[in-house]
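Trainee: Everything below, folded, please.
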Amino acid sequence: MTVDVLKTTGDLHRLDRLRGDRPLVLVPTMGALHEGHLRLVRRGSELGPVVVSIFVNPTQFGPREDFAAYPRDLAGDLALLDPLGVEAVFAPAVSDMYGGPGEVTVQPGRRAAGLCGAGRPGHFAGVLTVVAKLFGMVRPDVAVFGRKDAQQCLVIAQMVEDLRMPVRLVDAETVREPDGLAMSSRNRYLGPVDRLRALCLQGALAAGRTAIEAGERDPAPVTALMAEALEAGGRPDYAEVRTVPELERPAVIGGRILLAVAARVGPARLIDNVVLDIDGAAVRETALLATRPAERREEGRRE
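Mentor: Numbers count the residues shown, from 1 in each chain. Here you go, the predicted structure:
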């Protein structure tokens, strides 16, 4: 099979053949694909025909971030996608996505205020604007995102809910290397020493989770343990406990919570998280976007 590559807005009419009894699924990416992205595609394929978008979005990068250096390899990405039965790849130019100065944008709500939003002003406005464009251009029924970008998932979910967009969102679990490092396109920036140091993120999440499983319900000591673990390998950006889906700081740890960490390791800024459902003494990992009890029970059976 050869993937149908759509490079312009005018090519999008070729997606009409995919609209039918099964939902059309969009997997948005910035390319430089790895097994984590491919897992999103496989998850999407369970639901319907899949369109993968590949677009390095300039509006979500800050002036001192790695837009120019961000890895791009469309030929390599297509080779990875071809055996997965992807129906189409939408790989537009910047001029197709942003034809002019772009005066109309989508502004995020409170969920974007902390975590990555605190240190990356304008980032989530760029994310929401490009995702809204993709939803409007591709017109998917379902969109699949990675749980590693938890704040992004929840910010997009709020946009979909508030703007009444007819798209169902699915979050797929984070894919990890055998040693626990979350897969990321930015991992390729890491040399051998920094690659080992990057395990501090997984170590920080493990420290926080262990404390909660031992009965700690005060967020302050949990975040302190996570921050200390981050400092062992990188320059911490944040180590936080937040509620799901609101992304607020809880007074007491309980219900659905997000343990989220970010650190700069060598040249790369890396993020990771775990979503926990806490019911009394019981602590289990859960989905990010499954908010209704029946969905949460089903997710628990799958995991």
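Trainee: CA atoms for contacts and neighbours, from now on please.
Mentor: Will do.
Trainee: who are the neighbours in contact with Val160?
Mentor: Counting by CA atoms under 8 Å, 6 or more residues apart in numbering, Val160 touches Pro166, Val167.
Trainee: so which strand or helix has it?
Mentor: Secondary structure from DSSP states H and E places Val160 in helix 150-162.
Trainee: now do Ala206
Mentor: Assessed by DSSP H and E, Ala206 sits inside helix 200-213.
Trainee: can you map out the helices along the protein?
Mentor: Here the chain has its helices, by DSSP state H, at 35-45, 74-81, 94-97, 116-119, 123-138, 150-162, 192-197, 200-213, 219-231, 293-302.
Trainee: closest one to Asp272 among the ones you listed?
Mentor: Nearest to Asp272 among these is helix 200-213 (6.5 Å), distances taken as CA to CA.
Trainee: List the buried residues in the closest one.
Mentor: Cys200, Leu201, Gln202, Gly203, Ala204, Leu205, Ala206, Ala207, Gly208, Arg209, Ala211, Ile212 (16 or more other CA atoms under 10 Å).
Trainee: and that helix with helix 219-231, angle?
Mentor: Angle, helix 200-213 to helix 219-231, by axes from the mean of the first three to the mean of the last three CA atoms, to 10 degrees: 150 degrees.
Trainee: which helices and strands sit right next to helix 200-213?
Mentor: Secondary-structure packing of helix 200-213 (3 or more CA pairs under 8 Å, 6 or more residues apart in numbering; DSSP states H and E): helix 219-231, strand 255-265, strand 268-279, strand 282-285.
Trainee: Could you tell me the average pLDDT over it, please?
Mentor: Averaging pLDDT along helix 200-213 gives 98.
Trainee: for the helices and strands packed on helix 200-213, which one ends up most surrounded?
Mentor: Mean neighbour counts were compared across those using mean count of other CA atoms under 10 Å; the top stretch is strand 255-265, at a mean of 23.
Trainee: For stretch 115-127, which outside residues touch it?
Mentor: With CA under 8 Å, 6+ apart as the test, stretch 115-127 has contacts from 57-62, 105-108, 112, 151-152, 155, 238, 240, 260.
Trainee: out of those residues, which are inside strands?
Mentor: Judged by DSSP state E, those include Tyr238, Glu240, Ala260 as members of strands.
Trainee: ok, how many other residues are close to the closest residue to Ala224 other than its chain neighbours?
Mentor: Nearest residue to Ala224, sequence neighbours excluded (CA to CA, 6 or more residues apart in numbering): Ala239, at 7.9 Å. For Ala239, the count of nearby residues is 28 (other CA atoms under 10 Å).
Trainee: Then the one 3 residues further on?
Mentor: Around Arg242 there are 22 other residues, counting by other CA under 10 Å.
Trainee: could you dump the ones in strands among the contacts of stretch 115-127 to JSON lines with distance to His34?
Mentor: Putting the ones in strands among the contacts of stretch 115-127 into JSON lines (distance: CA to CA, whole Å) gives the following:
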{"residue": "Tyr238", "distance to His34": "26"}
{"residue": "Glu240", "distance to His34": "27"}
{"residue": "Ala260", "distance to His34": "22"}
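Trainee: hang on, the earlier thing: show the buried residues in the contacts of stretch 115-127.
Mentor: When the contacts of stretch 115-127 are checked for burial by 16+ other CA under 10 Å, the buried set is 57-61, 106, 108, 112, 151-152, 155, 238, 240, 260.
Trainee: Nearest to Leu84 among these?
Mentor: Using CA to CA, Asn57 comes nearest to Leu84 of the buried ones among the contacts of stretch 115-127, at 24.6 Å.
Trainee: for that closest one, what are its contacts?
Mentor: Met30, Val94, Gly126, Val127, Val130.
Trainee: which outside residues touch stretch 203-218?
Mentor: With CA under 8 Å, 6+ apart as the test, stretch 203-218 has contacts from 222-223, 225-230, 251-254, 259-261, 273-274, 281-283.
Trainee: what's around the closest residue to Leu169 other than its chain neighbours, how many residues?
Mentor: Leaving out its chain neighbours, the residue that sits closest to Leu169 by CA to CA, 6+ apart is Ala143, at 5.1 Å. Ala143 is flanked by 24 other residues according to other CA under 10 Å.
Trainee: Specify the beta-bridge partners of Ala143.
Mentor: Taking DSSP bridges as the rule, Ala143 bridges to Leu26, Leu169.
Trainee: pLDDT at it, what is it?
Mentor: 98.
Trainee: gap between it and Val160?
Mentor: 11 Å (CA to CA, to the nearest Å).
Trainee: residues shared between the contacts of those two?
Mentor: Common neighbours of Ala143 and Val160, using CA under 8 Å, 6+ apart, are Val167.
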